[in-house]
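A.B. asks: The sequence and its predicted three-dimensional model are supplied below.
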Amino acid sequence: MEDVVIIGAGAAGLAVYYQLKQSGVKSRILDEHYQVASSWRVRHPQLRLNTHRWYSHQPGMRIPAKYGRWVSRDDYIQYLEDYVTRFEIPIEFNTRVFKVDRKENSWKIETSQGNFISKHVVISCGANRIPKMPHIPGLETFDGIVKHAADFGEASVYDGKSVLIIGGGNSAFDLGNHLSKRPVRELSISIRTTPGISAKEVFGFPMHLLAAWMRDLPIRIQDALFHSTQNSLYGNLKKFNFGDPPKNVFTKHAQDGITVSVDDGFIRNIKKGKVRVIDEIIKIDQKKAITAKAVEVYPDVILCATGYDPGLFSLIGHLGMLDPFGIPATTGSQTIANYPGLWFIGLRGYIWGNMYEQIRQSAKLAKAIASDLNR
């Protein structure tokens, strides 16, 4: 019997392995892919972290200064490879987990490489495993190109094209940040609910640092500071077809995990008229998309930035602990009374930064597991 099995060797899973090792706990770490940082390798090549290098590292190893303030996709992949090498983390690649189930006082893990029995299981397979497409009548009849944001690829391929982005979250703004700086023929974005918007930098100051420093303030103060900052930076965006800005961004984040959309020039280009903001798309008819307010657009490409599914229903759906979006109610060192020994990490986003939060959560999680094993 194993003491701990970690499912997923992304940043969160690697952090847990490291913290457990520091606590003297042996664990096995499984991953369905054949190399480290597999989820990062399929992201588009323009991608950079929205979180500052100072708060984006793994426990025990800082990100090198040579990678700059906003670490690129390829540099972050290299950093994780170096992390695995430095701490000799024995990832068991090509091991797909099919099901996790309770077995008396332990857990049974069914995998492509056989079954494991473990006292503790840490699920850290990431929130962005399965792209979710929107359910829009007629989408399948569209004559042009339809892609999920996960398949965005090289930004230059959209030059000269009319592009419609569907979504208002951080993935949508990421696409907008890049495409609004390219010579596209026309760029539109369909936003159903106005998000909280945070500038990446203000006069050269990284706003993520402010979010990280606000991490432990009372939530009402976090809400007030964010709302006043957004208003000061962007003013009234309603004349550009945005709705009212949310006043309780941090409260909503605590309730449903919705984070903010990071602006890196996108709003400036909207104000310049380079981007058209439209309301929710309710129908697509071969060559055109139609909104709830009867606005029509004629895109060559539709990019759906409509979220992801962590893919946990097949893994643990039978246990009845997932919400309708496939997310468990607990994270980090929190556990569910009826399911002792089952833990989750890396399945939620955080305004102050996922990696920054994972350092804290992985340390507490490792401490909780070590304490249980030593009883």
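C.D. replies: In hand now; what should we look at? Residues are numbered from 1 along each chain as shown.

A.B. asks: Okay, now the unreliable bits of the stretch 251-375 of the chain?
C.D. replies: Across the stretch 251-375 of the chain, nothing is flagged by pLDDT under 70.

A.B. asks: Show me where it has its helices.
C.D. replies: 266-271, 313-316, 354-373 (DSSP state H, counting those that start in this stretch).

A.B. asks: Pull the number of nearby residues for the residue nearest to R73 when sequence neighbours are not counted.
C.D. replies: Using Cβ to Cβ, 6 or more residues apart in numbering and skipping the chain neighbours, the partner closest in space to R73 is L47 (4.2 Å). From N, CA and C alone the C-beta is placed, and that goes for glycine too. Other residues lying near L47 total 17 when counted by other Cβ atoms under 10 Å.

A.B. asks: With the one 10 residues further on instead?
C.D. replies: Look at H57: counted by other Cβ under 10 Å, it has 19 neighbours.

A.B. asks: Let me know the pLDDT of the nearest residue to it once chain neighbours are set aside.
C.D. replies: Spatially, and ignoring its direct neighbours in sequence, H57 is nearest to I63 (4.7 Å; Cβ to Cβ, 6+ apart). Note for I63: predicted pLDDT of 98.

A.B. asks: Taking helix 354-373 as reference, get the angle to the helix or strand hosting L20.
C.D. replies: Taking DSSP states H and E as the definition, L20 sits inside helix 11-22. Interaxial angle of helix 11-22 relative to helix 354-373 (axes from the mean of the first three to the mean of the last three Cα atoms, to 10 degrees): 40 degrees.

A.B. asks: what packs against helix 11-22?
C.D. replies: When contacts are defined as 3 or more Cβ pairs under 8 Å, 6 or more residues apart in numbering; DSSP states H and E, helix 11-22 sits against strand 2-7, strand 28-30, helix 73-86, helix 354-373.

A.B. asks: as a whole number, average confidence for that helix?
C.D. replies: Across helix 11-22, pLDDT averages out at 98.

A.B. asks: Touching that helix from outside, list them.
C.D. replies: The contact list for helix 11-22, computed with Cβ atoms under 8 Å, 6 or more residues apart in numbering, reads 4, 6-7, 9, 26-27, 29, 31, 36, 58-60, 80, 83-84, 87, 89, 122, 124-126, 345-346, 354-355, 358-359, 362-363, 365-367, 369-370.

A.B. asks: Buried ones among those residues?
C.D. replies: Buried subset of the contacts of helix 11-22 (neighbour count, 16 or more other Cβ atoms under 10 Å): 4, 6-7, 9, 27, 29, 31, 36, 58-59, 80, 83-84, 87, 89, 122, 124-126, 345-346, 354-355, 358-359, 362-363, 365-367, 369-370.

A.B. asks: Output the contacting helices and strands for the lengthiest strand in the chain.
C.D. replies: Longest strand of the chain, by residue count under DSSP state E: strand 114-123. Where contact means 3+ Cβ pairs under 8 Å, 6+ apart, strand 114-123 is packed against strand 2-7, strand 97-103, strand 106-111, strand 342-344, helix 354-373.

A.B. asks: Run the angle between it and strand 2-7 for me.
C.D. replies: 70 degrees.

A.B. asks: Strand partners (parallel or antiparallel) of the following helix or strand past strand 114-123?
C.D. replies: Downstream of strand 114-123, the first helix or strand assigned by DSSP H and E is strand 130-131. Looking at strand 130-131 with DSSP bridges, its partner strands are strand 308-309 (antiparallel).

A.B. asks: ok now the partner strand, how far from the chain's centre?
C.D. replies: 9 Å (Cα atoms, centre = their mean, to the nearest Å).

A.B. asks: ok, residues contacting it?
C.D. replies: 127-132, 150, 325-326.

A.B. asks: With F205 as the reference, name the closest of the helices and strands packed on helix 11-22.
C.D. replies: Closest approach to F205 among the helices and strands packed on helix 11-22 (Cβ to Cβ): helix 354-373, 17.5 Å.

A.B. asks: and the closest one, what other elements does it pack with?
C.D. replies: By 3+ Cβ pairs under 8 Å, 6+ apart, helix 354-373 packs against strand 2-7, helix 11-22, strand 114-123, strand 342-344.

A.B. asks: mind checking how far stretch 108-123 is from the chain centre?
C.D. replies: Relative to the centre of its chain, stretch 108-123 is centred 25 Å away, using Cα atoms, centre = their mean.

A.B. asks: Export the helices and strands packed on strand 114-123 as CSV, with columns for distance to P245.
C.D. replies: Shown next, in CSV, are those (distance: least, Cβ to Cβ, whole Å):
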stretch, distance to P245
strand 2-7, 38
strand 97-103, 41
strand 106-111, 44
strand 342-344, 31
helix 354-373, 23
